[in-house]
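K.L.:
Give me a 3D structure for the following:
(one chain, ligands or ions: 4)
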Amino acid sequence: MALSYDLHSHSSASDGSFTPAELVHYAQKNGVDVLALTDHDITSGISEARQAADKLGLGFIAGVEISVLWRKHTLHILGLNIDPDNTELLAGLDKIRQARLWRAQEMGHRLDKAGIAGAYEAAKAISKDGNVTRTHFAKFLIAEGHAKDMKQVFKRFIVPGKPGYVAGEWAQMEEALAWIAKAGGISVIAHPARYKLTASKMRLMIEEFIQAGGQGIEVVSGSHSQEESRRIAALARQYDLLASRGSDFHDPAIPYINMQSLPALADDLTAVWTAWQ
Ligand code: AMP
Ligand code: MN
Ligand code: MN
Ligand code: MN
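P.N.:
Ligands and ions are numbered 1, 2, ... in the order given. Presented below is the predicted three-dimensional model:
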């Protein structure tokens, strides 16, 4: 039987609910053979996850999900099979984390003006030692009764046009790809169907990604429908991109993102893991 690869997941180093070690145990229980930890703009969970995976005999790939600003769109680029200690990568991620902290404070000011006090401090506390993300603001807003669930809280408060939204000053695409390359990794466009790009914008984005040295695209994602996966698979074939598969697991309380029910990659695609087998 072919191994089951899940090359996109989050721990408490960013906005996942499990510690890196808990996540690795959870993945093994849920039928994953090889897991990549890909926290947002941070690699601090990797050594704990790798140790836990080695102990359990689970395959482990070091990764990261980098926030990128491309023509006013926020994109996520995965770096897979990276050296998490590479100094250029770490310096780049450090720069994004500064931008993250600034944005979180700014989100706090905006929410304060909208009559919701203490959001930054609360989100920071919920994130513990990890990166502060919109997910942490969402948790605070739900706990305070401003919305009933994740879906509603994003829609009402922290997406463009809403009171708590602040655009992040993320990395340029070329920068992110250069850091990943320096760290020996493969860069992959994460959940491409999520960006609400027109078909021609999507092609332009992929072409610029390839021009900057990008190699892969996430075809199967926990946040793609079957129809979206088919559409992205066609782009992977057209542009000869390596195909990736990842749940984007954060939290068992988000039921539609599930490690067990993730579909397989179509056989004719070149899977990204063939590059490191
Ligand atoms: P940030 O990188 O701080 O902007 O936070 C983005 C994170 O928020 C994503 O990685 C998701 O985990 C989460 N997120 C974004 N939109 C939604 C949504 N509509 N519902 C639930 N979670 C979301
Ligand atoms: Mn996230
Ligand atoms: Mn993402
Ligand atoms: Mn993700």
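
K.L.:
contacts and neighbour counts: CA atoms only from here.
P.N.:
Fine.

K.L.:
Would you map the helices across the stretch 1-150 of the chain?
P.N.:
Listed in chain order, the helices of the stretch 1-150 of the chain (DSSP state H, counting those that start in this stretch) span 20-29, 46-56, 87-113, 119-126, 134-143, 150-157.

K.L.:
how about those in JSON lines, adding mean pLDDT and mean neighbour count?
P.N.:
Below are the helices of the stretch 1-150 of the chain laid out as JSON lines (pLDDT from 0 to 100; neighbours: other CA atoms under 10 Å):
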{"stretch": "helix 20-29", "mean pLDDT": "98", "mean neighbour count": "20"}
{"stretch": "helix 46-56", "mean pLDDT": "98", "mean neighbour count": "17"}
{"stretch": "helix 87-113", "mean pLDDT": "97", "mean neighbour count": "18"}
{"stretch": "helix 119-126", "mean pLDDT": "98", "mean neighbour count": "20"}
{"stretch": "helix 134-143", "mean pLDDT": "98", "mean neighbour count": "21"}
{"stretch": "helix 150-157", "mean pLDDT": "96", "mean neighbour count": "16"}
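
K.L.:
now for those, which one comes closest to Ala2?
P.N.:
helix 20-29 (15.3 Å; CA to CA).

K.L.:
do the biggest strand by length in the chain and ligand 1 meet at all?
P.N.:
Looking across the chain with DSSP state E, the single longest strand is strand 59-70. No. Residues of strand 59-70 are not located near ligand 1 by CA under 6 Å from any ligand atom, the shortest gap being 6.7 Å.

K.L.:
Could you export that strand as CSV, CA atoms only?
P.N.:
Taking Å, rounded to 0.1, in the frame of the first residue of the first chain, the C-alpha atoms of strand 59-70 are listed here in CSV:
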residue,chain,number,x,y,z
GLY,A,59,7.7,9.7,8.9
PHE,A,60,8.3,13.4,9.4
ILE,A,61,9.0,16.4,7.1
ALA,A,62,10.1,19.8,8.4
GLY,A,63,8.1,22.5,6.8
VAL,A,64,6.8,26.1,7.1
GLU,A,65,3.9,28.1,5.7
ILE,A,66,5.0,31.5,4.7
SER,A,67,2.7,34.5,4.4
VAL,A,68,3.2,36.4,1.2
LEU,A,69,1.8,39.5,-0.3
TRP,A,70,1.3,39.2,-4.0
